[in-house]
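Engineer: with the input below, show me the fold.
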Amino acid sequence: MGNLIKSDFYRLKGSTVFKVCAIIIFVLSFLWPYAELGLFNMAKFISKDPVTPLDTNIKFAELLAQPVGGILLVVLLLSVLSFSFADVANGYIKNIAGHVKKKSYTIVSKFIVIMIHNLIIMLISVLGVYLGYLSRAVFFGGTIDYTQYLLSGIGIFCFKWLLYLSLSTITLFFTSALRSKTTAAIVSVVFGTGTLSMLYMVIKNSLKFDLSDFMPDALSSSLNFTTINTLAANALISSLVAIVVFLFVTMKLVDKRDVK
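Structural biologist: Purely as a prediction, here's the structure:
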C-alpha cells in the first residue's frame, strides 16, 4: 500500500493538469482583491447614491475561511477528476491492479493522495489571496489583522477541507467506480457552481425543509463566521457520511468489476 501511495503521489506531482489548476487558482485568488477594488471604484463612479466604503482592514482569518471560493471549487474538482481518471484513461490500471491484493487498494491510495491534493490547493488559494490583499494594502492603503478570529478561521478552513473532500470522493466514485469522465465533469461543475441551490430552494419553499443545511456542496459555501455555530455539526456529519458511503461503494464496485 505504501508503494502504491508513493506512486500515486508521484503521479500527482507530475500531472500537468494539477500544475495548471494550481496556477489558475493562485492567479485568480491573487487578483481577487484588485477586482474587489475595481468594482468598488466602478460603483462609486456609476452610483449617484453614497457607496458603502471598502473595508481595508482585512482579517487573515477571513482569508482562511474562504479557500477555493466560488468558481475555483470547479477547478479543484476538475483537477481531482483528472488525477483519479488518469490510470483508467491511460490503461495502466491493469498493471497496478495486478500487483495488489485487492483492486480497491487503488481507491484507498487515490483517496489519500486526494486528501493531500485538496489541502495543497486550498493553501495555494489562501496564499494567493493573502499576497493579493497584502500588495493592495502596500499600494492602495490598508491593514491585515493576523489575530482576530484566527482560531475560528482555522476551524472553518478544516471544515471546508472535509466538505471539499466529500465532494472529491463523489467525483472519485464517478471516475473510478462508474468510469464515466463526462458524468464526473458535469457533477463537478454542478457542485462547484452551486447549481443545486435552486433545487434546494424549491424544496425549502414546498416542503418547508432546508436541505441545503445538510448537503456538502451547499455547506461549503454557506459555512462562515456567522453560521459556524449552527452549521458546524451539520458540516462535520454530512461530509463524513458522504465520504464513508461513497468511498465504501466505490471500493466494493471496483473489487467486483473486471479491469479493462
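
Engineer: tell me which residues of the helix or strand containing residue 34 come out buried.
Structural biologist: Per DSSP states H and E, residue 34 falls inside helix 16-46. Buried residues in helix 16-46, counting neighbours by 16 or more other C-beta atoms under 10 Å, are found at 18, 21-22, 25-26, 28-30, 32-33, 37. For the C-beta atoms, the positions are set from N, CA and C on the backbone; glycine is no exception.

Engineer: one more: stretch 144-159?
Structural biologist: 144, 149, 152-153, 155-157, 159.

Engineer: also stretch 172-191?
Structural biologist: Buried, per 16+ other C-beta under 10 Å, within stretch 172-191: 172-177, 179, 181, 184-185, 187-188, 191.

Engineer: those residues: which two are farthest apart?
Structural biologist: 179 and 191 (19.2 Å; C-beta to C-beta).

Engineer: alpha carbons of stretch 245-259, as CSV, please.
Structural biologist: Below are the C-alpha coordinates for stretch 245-259, written out as CSV (Å, rounded to 0.1, in the frame of the first residue of the first chain):
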residue,chain,number,x,y,z
VAL,A,245,-20.7,6.0,1.9
PHE,A,246,-19.2,6.9,-1.5
LEU,A,247,-15.7,5.6,-0.6
PHE,A,248,-17.2,2.3,0.6
VAL,A,249,-19.4,1.9,-2.5
THR,A,250,-16.6,2.8,-4.8
MET,A,251,-14.3,0.2,-3.2
LYS,A,252,-16.9,-2.5,-3.5
LEU,A,253,-17.7,-1.8,-7.1
VAL,A,254,-14.1,-1.7,-8.1
ASP,A,255,-13.4,-5.0,-6.4
LYS,A,256,-16.3,-6.7,-8.3
ARG,A,257,-15.7,-5.4,-11.7
ASP,A,258,-13.1,-6.6,-14.2
VAL,A,259,-10.1,-4.4,-15.0
